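Trainee: Kindly return the folded structure for what I paste below:
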Amino acid sequence: MHASAVARRLQSSERGAVSVSGLLVLAVVGVLAYALFGAVATDPDRYGRVAIPSNTWVSLPDAETGIGVVKRPGGGAGARAPADLRIQVIDPKTNEQVRVDARGGGQTGSGESRWQIAAVDPPSSGIYQVIVTTSEPARGVGPAQLSFGQSPVGAVGDRFAEVGDLVIGPVGAIAGLILLLLMLRPRFQRLVARGAG
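Mentor: Predicted coordinates for the structure are as follows:
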């Protein structure tokens with residue numbers, strides 16, 4: 001077969017194909033969409049609930065964790081969190097308090113009302129002592145609970161970590177090999193075209 005005919009056949013076979021750079025852009029967009037979706041698909045009870053008041057232990061990750069007050073159904077329209085609610089998270093390794101930052105806003109779940117009131121970012125994953133105190137009952141809540149779950153920031157971080165684990169694992173090795181083959185394919189096709197000429 002003439003070299004020009006081989007070249008035309010190779011060019012026609014490449015029409016409609018997605019370039020390697022196009023695949024990389026699609027992969028990056030997919031990773032970003034997957035990570036950002038984590039911000040709206042958070043689990044507000046992922047690390048459990050504790051009573052108000054209480055002195056207990058909670059297993060927390062080394063990522064920002066949202067803290068909310070949960071009102072059970074039947075609490076009434078005037079239900080609210082105690083005004084003097086105090087939350088202490090203590091690292092048992094150092095016996096020091098982990099900073100708890102106040103957060104505003106709230107949301108209503110199915111059958112429960114929830115106020116996102118704080119967030120904590122432990123220095124490492126592990127079991128932390130949680131002391132919750134108040135001098136007044138949670139009005140209309142009967143009884144209220146404190147929930148520990150993924151914050152939007154923590155959820156996005158978790159998603160990026162999952163992707164990172166995939167990239168450095170067997171799936172990433174296979175994907176890298178496929179990308180390498182796709183990048184070498186045009187060079188191989190040119191060699192074939194030259195050999196046929």
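Trainee: Could you give the number of residues near residue 119?
Mentor: For residue 119, the count of nearby residues is 20 (other Cβ atoms under 10 Å). Every C-beta, even on glycine, is put in place using the N, C-alpha and C of the backbone.
Trainee: can you list the domains in this protein?
Mentor: Listed domain ranges for the chain are 3-39+169-196, 49-150 (source: automatic domain parsing).
Trainee: Those domains: lowest mean pLDDT?
Mentor: Mean pLDDT is lowest for domain 3-39+169-196 out of the domains of the chain, coming in at a mean of 66.
Trainee: how deep is residue 104 tucked in, by neighbour count?
Mentor: Around residue 104 there are 8 residues (other Cβ under 10 Å).
Trainee: quick one: the helices in the chain?
Mentor: For the chain, the helices defined by DSSP state H occupy 3-14, 20-37, 152-168, 170-196.
Trainee: As PDB, could you dump the C-alpha coordinates of stretch 187-197?
Mentor: Written as PDB, here are the backbone C-alpha positions of stretch 187-197 (Å, rounded to 0.1, in the frame of the first residue of the first chain):
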ATOM      1  CA  ARG A 187       4.300   8.000  17.300                       C
ATOM      2  CA  PHE A 188       3.800   4.300  16.700                       C
ATOM      3  CA  GLN A 189       1.300   5.200  13.900                       C
ATOM      4  CA  ARG A 190       3.900   7.500  12.200                       C
ATOM      5  CA  LEU A 191       6.500   4.700  12.400                       C
ATOM      6  CA  VAL A 192       4.000   2.300  10.800                       C
ATOM      7  CA  ALA A 193       3.300   4.800   8.000                       C
ATOM      8  CA  ARG A 194       7.000   5.300   7.300                       C
ATOM      9  CA  GLY A 195       7.600   1.600   7.300                       C
ATOM     10  CA  ALA A 196       4.800   1.000   4.800                       C
ATOM     11  CA  GLY A 197       6.300   3.700   2.500                       C
END
